[in-house]
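Q: Turn this into a model:
(chains A and B)
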Protein chains: 2
Amino acid sequence: ARPKVGYYYTGKSIENALGDILKQNKVSDIKGLPVAVSEETSVYDAIVTLFLEDVGTIFVVDENNYLKGVASRKDFLKITLGDNDLGKMPVGIVMTRWPNIVTLRDEDTALSAAKKVEEFQVDCIPVISDDNVEEQAELTGRVSKTHLVKLLAEIDEQR
Amino acid sequence: ARPKVGYYYTGKSIENALGDILKQNKVSDIKGLPVAVSEETSVYDAIVTLFLEDVGTIFVVDENNYLKGVASRKDFLKITLGDNDLGKMPVGIVMTRWPNIVTLRDEDTALSAAKKVEEFQVDCIPVISDDNVEEQAELTGRVSKTHLVKLLAEIDEQR
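A: Residues are numbered from 1 along each chain as shown, chains lettered A, B, ... in the order given. Here you go, the predicted model:
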């Protein structure tokens, strides 16, 4: 989605302006489609999916598209160092399991996304639906460092 | 380094303000220390170094600290999919080789760093010295997506 820009400020500090633009852009404006597999998928197939979809993080969902886990390039690289049969090991062993997952919702700001990426040192955060039943969370998107860096570059081009 | 903030603007668009703050911050303000190995280092040892230093990209230098190559988590993950002996394969086989490398210099802006990260789809860019002799480039730092996202979060905290 295109960043929201185009109006004028007067007498505000540039830090305020920057903070505002980061708050006006919501997660729903910058998020991308999530790439997900089932928990039984092999680590090998999950890594192949990473390359084919050209993403750095893969999500694991159940049959209802509820978020079960997250696995990153870093997680996969670590497991490949051992003497493991990647074709037989399920991704469920490698992933960080729900609910130990940092998440975002559509109405969160780009700024809060940036802060979460920095605080929790993750490359990509799953976006979940607003109307979740108790401990279930439907996966609706992803926000990665790439989306945030892209936001910077794109805003400048709107000048 | 702490982002440069603290002065006021009047009557400028917020896009201008954002563009300015991204231009006032130079690569030298945001860069981190590079993590480097020699070309003869094994892929296995290079991956272990990635984890021990907690970085996503490793640089390859010669004995004079001149940049010879770049290898990312993605490059390493790809090579682990094959039936390779990572302990015997040198990192020189995996790396992207100089001069086919995107680079930054200290005086480049944070904005140009963001644009290069986006345009060339890389996670981390090596910073090289200004006074290079012909095709040699001394490695002095790195700018990653993490540094750029951190810049966003930190600027807001200065308000």
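Q: and the helix or strand residue A:28 falls within, anywhere near chain B?
A: Element membership for residue A:28, per DSSP states H and E: helix A:27-30. No: counting by C-beta under 8 Å from any C-beta of the partner chain, chain B is not contacted by helix A:27-30; separation bottoms out at 12.2 Å. All C-beta spots, glycine's among them, are computed from the backbone N, C-alpha and C.
Q: Buried ones in that helix, by neighbour count?
A: The neighbour-count check on helix A:27-30 (16 or more other C-beta atoms under 10 Å in any protein chain shown) flags A:27-30 as buried.
Q: Of these, just say which sits nearest to residue A:99.
A: Minimum distance to residue A:99 across these is 19.1 Å, recorded for residue A:27 (C-beta to C-beta).
Q: quick one: contacts for that closest one?
A: By C-beta atoms under 8 Å, 6 or more residues apart in numbering or on different chains, the residues touching residue A:27 are A:104-110, A:113, A:127, A:141, A:143.
Q: Next one: it, what pLDDT does it get?
A: Looking at residue A:27, its pLDDT is 96.
Q: packing partners for the longest helix seen in chain A?
A: Assignment by DSSP state H gives helix A:145-157 as the longest helix of chain A. Contacts defined by 3 or more C-beta pairs under 8 Å, 6 or more residues apart in numbering or on different chains; DSSP states H and E place helix A:145-157 against helix A:27-30, helix A:110-120, helix B:14-24, helix B:110-120, helix B:145-157.
Q: let's see 10 Å
A: Contact here means 3 or more C-beta pairs under 10 Å, 6 or more residues apart in numbering or on different chains; DSSP states H and E; on that basis helix A:145-157 packs against helix A:14-24, helix A:27-30, helix A:110-120, strand A:124-128, strand A:139-144, helix B:14-24, helix B:110-120, helix B:145-157.
Q: From chain B, how far off is residue A:113?
A: Distance of residue A:113 to chain B, given as C-beta to the nearest C-beta, to the nearest Å: 9 Å.
Q: Could you do residue A:68 as well?
A: Relative to chain B, and taking C-beta to the nearest C-beta, residue A:68 is found at 22 Å.
Q: Just the element for the nearest residue to that residue once chain neighbours are set aside, please.
A: Leaving aside its chain neighbours, residue A:68 sits nearest to residue A:60 (4.7 Å; criterion: C-beta to C-beta, 6 or more residues apart in numbering or on different chains). Following DSSP H and E, one finds residue A:60 within strand A:57-61.
Q: What mean pLDDT does that strand get?
A: Averaged across strand A:57-61, pLDDT comes to 98.
Q: Stretch A:100-120 now?
A: Mean pLDDT, computed over stretch A:100-120, is 94.
Q: got a pLDDT number for the residue nearest the centre of chain A?
A: Taking C-alpha atoms, centre = their mean, the centroid of chain A lies closest to residue A:125, which sits 2.7 Å from it. Per-residue confidence (pLDDT) for residue A:125: 98.
Q: isn't it right up against residue A:108?
A: Yes: with contact defined as C-beta atoms under 10 Å, residue A:125 counts as touching residue A:108 (9.4 Å).
Q: Which neighbours do those two have in common?
A: The contact sets of residue A:125 and residue A:108 overlap at A:27, A:31, A:116, A:143 (C-beta atoms under 10 Å, 6 or more residues apart in numbering or on different chains).
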